[in-house]
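**Q** I'll drop the sequence and a predicted model, then ask my questions.
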Amino acid sequence: MKFCLSVEIQEGLDYAVTQAFTQAGEAAGFDAGLLAEHYYASSGHLHRIAADAWVFLGALARDTQHIRLGTLVSPVTFRHPAVLAKMAATLDHLSGGRAELGLGADCPLGLSAPPMRPWVMARRGRARMRCRGRGLGEPQGPGQ
């Protein structure tokens, strides 16, 4: 059985705290440190910083030795797939092969998502089903 540390950086955590959590997880023997990737605090406290997970992951690659690093879920609505693949490959290179990539559908709660691109529109049916299944209603965003 593998154990992973999930760090909810969108709830106002700065890099020093994220680094400390991840290094403590590494020392405790966790297999991976996974960061949440959100544009805003999921708690509804919109004044909290929601740092970019991929920027933090690059720094964590420098500041850790063995723990695998990645995102719990990188929503497909945030970046073009080629850009995300390049970011993951670069993290894998920086970390010496320790990168993890979690993918998922964005399901904003009451806030508009970035404009949808054609490559995302094909996935919207699955995103809508996933959101309904979790009782979160319809995805909200421009052009829907």
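**A** Nice, I can see it. Residues are numbered from 1 along each chain as shown.
**Q** got a list of contacts for stretch 86-102?
**A** Under the contact criterion Cβ atoms under 8 Å, 6 or more residues apart in numbering, stretch 86-102 has outside partners 32, 34, 54, 57-58, 61-62, 64, 66-74, 79, 84. C-beta coordinates here come from the backbone N, C-alpha and C atoms, glycine included.
**Q** remind me which helix or strand the residue nearest the centre of the chain belongs to.
**A** In the chain, the C-alpha closest to the average C-alpha coordinate belongs to Glu37, at a distance of 2.7 Å (Cα atoms, centre = their mean). Here Glu37 is covered by no helix or strand, with elements defined by DSSP states H and E.
**Q** leaving out sequence neighbours, find the closest residue to it.
**A** Ala53 (4.1 Å; Cβ to Cβ, 6 or more residues apart in numbering).
**Q** how many residues are close by that neighbour?
**A** For Ala53, the neighbour count with other Cβ atoms under 10 Å is 26.
**Q** pretty sure it sits against Gly33.
**A** No. Between Ala53 and Gly33 there is no contact, the gap being 10.9 Å when judged by Cβ atoms under 8 Å.
**Q** please enumerate the strands of this protein.
**A** According to DSSP state E, the chain carries its strands in the segments 4-7, 32-35, 68-71, 74-75, 99-100, 103-104.
**Q** so who does Thr71 touch?
**A** For Thr71, the contacting residues are 34-37, 53-54, 57, 100-102, by Cβ under 8 Å, 6+ apart.
**Q** that one pairs with what?
**A** With DSSP bridges as the criterion, Thr71 is bridged to Leu35.
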